[in-house]
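Peer 1: Any chance you can model this:
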Amino acid sequence: MKFAIPTENGVLCPHFGHCQLFTIIEVEPDSKIIKEVKTLTPPPHDMGVLPAWLHELGCSHVIA
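Peer 2: Numbering: from 1, shown residues only. Here you go, the predicted model:
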C-alpha cells in the first residue's frame, strides 16, 4: 500500500491542491511495516493533475 499525504513544513497541509510537497509512505500490508518514505514536489496545480500523478506513483490511499 502507498499513502500520499500533502505536507507543508513537515505537517499535514490543509490545502491539498496547493501543498508544497507530498510525503509518500509505502507500507507492507501483511506485516504493517513501513518499507519506504519519500517526499516529492507535486506537479504544478491544474485540474485533474494531482490524482493522475498520484496514480502514476502507485498510491492507493490519500490522506487529505
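
Peer 1: so where do the helices sit in the protein?
Peer 2: For the chain, the helices defined by DSSP state H cover 49-56.

Peer 1: ok, and what's touching the helix or strand of it with the lowest mean pLDDT?
Peer 2: Least confident helix or strand of the chain, by mean pLDDT, DSSP states H and E, is strand 11-12 with a mean of 92. Counting by Cβ atoms under 8 Å, 6 or more residues apart in numbering, strand 11-12 makes contact with 5, 6, 63, all of which sit outside it. (C-beta placed from N, C-alpha, C; glycine too.)

Peer 1: Could you give the number of residues near the residue nearest to residue 35 when sequence neighbours are not counted?
Peer 2: For residue 35, ignoring the flanking residues on the chain, the nearest one in space by Cβ to Cβ, 6 or more residues apart in numbering is residue 26 at 4.6 Å. The tally of other residues near residue 26 (other Cβ atoms under 10 Å) stands at 17.

Peer 1: Name all residues that make contact with residue 26.
Peer 2: 1, 2, 3, 34, 35, 36, 37.
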